[in-house]
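Trainee: Task: produce atomic coordinates for the following.
(chains A and B)
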Amino acid sequence: ETGVTQTPRHLVMGMTNKKSLKCEQHLGHNAMYWYKQSAKKPLELMFVYSLEERVENNSVPSRFSPECPNSSHLFLHLHTLQPEDSALYLCASSYTGTGNSPLHFGNGTRLTVT
Amino acid sequence: SQQGEEDPQALSIQEGENATMNCSYKTSINNLQWYRQNSGRGLVHLILIRSNEREKHSGRLRVTLDTSKKSSSLLITASRAADTASYFCATDSSGTYKYIFGTGTRLKVLA
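Mentor: As a prediction, the model looks like this:
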């Protein structure tokens, strides 16, 4: 039990589908993150929500759309994805205050785009 | 460009030996963290070292930080087969809460 729960664990979708990834944290943190992990590449920070501010990586395509309705829940909406979007998508949370806390990760959603 | 880069990319050792991994980064930081990832799972935080610290220990882990060289090392002593995993360093880019990771070191400990 990591305190950060991601669903689904595995997702296969066609390029014309629309799906959403969900993340929930029970740690009382005030920041949530989406990372993309592709083979042989560094983890790519996609989006950060902290204290109702959203920070995004400008290189993330618009077919990825985040939503953070409250400090405990985070979604990543997916539409018209490409095969190169296949990857492990990791959600994380942390506390951003005096002395930032470490990141707590979920176990990820393995996404395959066909 | 990438903030943290680990070296070596892969490391294979015998059980009982020590494993050393290095990380280099580019910008100023508030802290540097090391994480471990077992295959197909999320990352687990191991240790955090602040920019005003030079060395930190946690069990069999020893981390050093040299801010003048913008580098850190992770030493795992008396390695076990269960230490087999990928290890990543992460830095808070320019003192923000946006953590940037490298490509990691894949460690294999042979029983």
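
Trainee: And for stretch B:57-68, what's in contact with it?
Mentor: B:29, B:32, B:34, B:46-47, B:49, B:51, B:53-56, B:71-79 (Cβ atoms under 8 Å, 6 or more residues apart in numbering or on different chains). Quick note: C-beta positions are derived from backbone N, CA and C, even for glycine.

Trainee: Dump that stretch to PDB, keeping only the CA atoms.
Mentor: Output in PDB follows, covering the C-alpha atoms of stretch B:57-68 (Å, rounded to 0.1, in the frame of the first residue of the first chain):
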ATOM      1  CA  HIS B  57      23.400   7.500   6.000                       C
ATOM      2  CA  SER B  58      20.300   5.300   6.200                       C
ATOM      3  CA  GLY B  59      20.900   1.700   7.000                       C
ATOM      4  CA  ARG B  60      23.100   0.200   4.300                       C
ATOM      5  CA  LEU B  61      22.800   3.400   2.200                       C
ATOM      6  CA  ARG B  62      25.300   6.200   2.100                       C
ATOM      7  CA  VAL B  63      24.800   9.300   0.000                       C
ATOM      8  CA  THR B  64      27.300  12.000  -0.600                       C
ATOM      9  CA  LEU B  65      26.700  15.400  -2.200                       C
ATOM     10  CA  ASP B  66      29.300  17.700  -3.700                       C
ATOM     11  CA  THR B  67      27.500  21.000  -4.800                       C
ATOM     12  CA  SER B  68      30.700  22.400  -6.200                       C
END
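
Trainee: Show me which residues of that stretch are buried.
Mentor: Neighbour-count burial for stretch B:57-68, with 16 or more other Cβ atoms under 10 Å in any protein chain shown as criterion, is recorded at B:L61, B:R62, B:V63, B:T64, B:L65.

Trainee: Quick check, pLDDT for the most centrally placed residue in chain A.
Mentor: Centroid check for chain A by Cα atoms, centre = their mean gives A:W34 as the closest residue, at 2.7 Å. Taken from the predicted model, the pLDDT recorded for A:W34 is 96.

Trainee: for the one 10 residues further on, same thing?
Mentor: Looking at A:E44, its pLDDT is 91.

Trainee: A:L76 reaches A:K19, doesn't it?
Mentor: No: contact between A:L76 and A:K19 fails when scored by Cβ atoms under 8 Å: they sit 9.2 Å apart.
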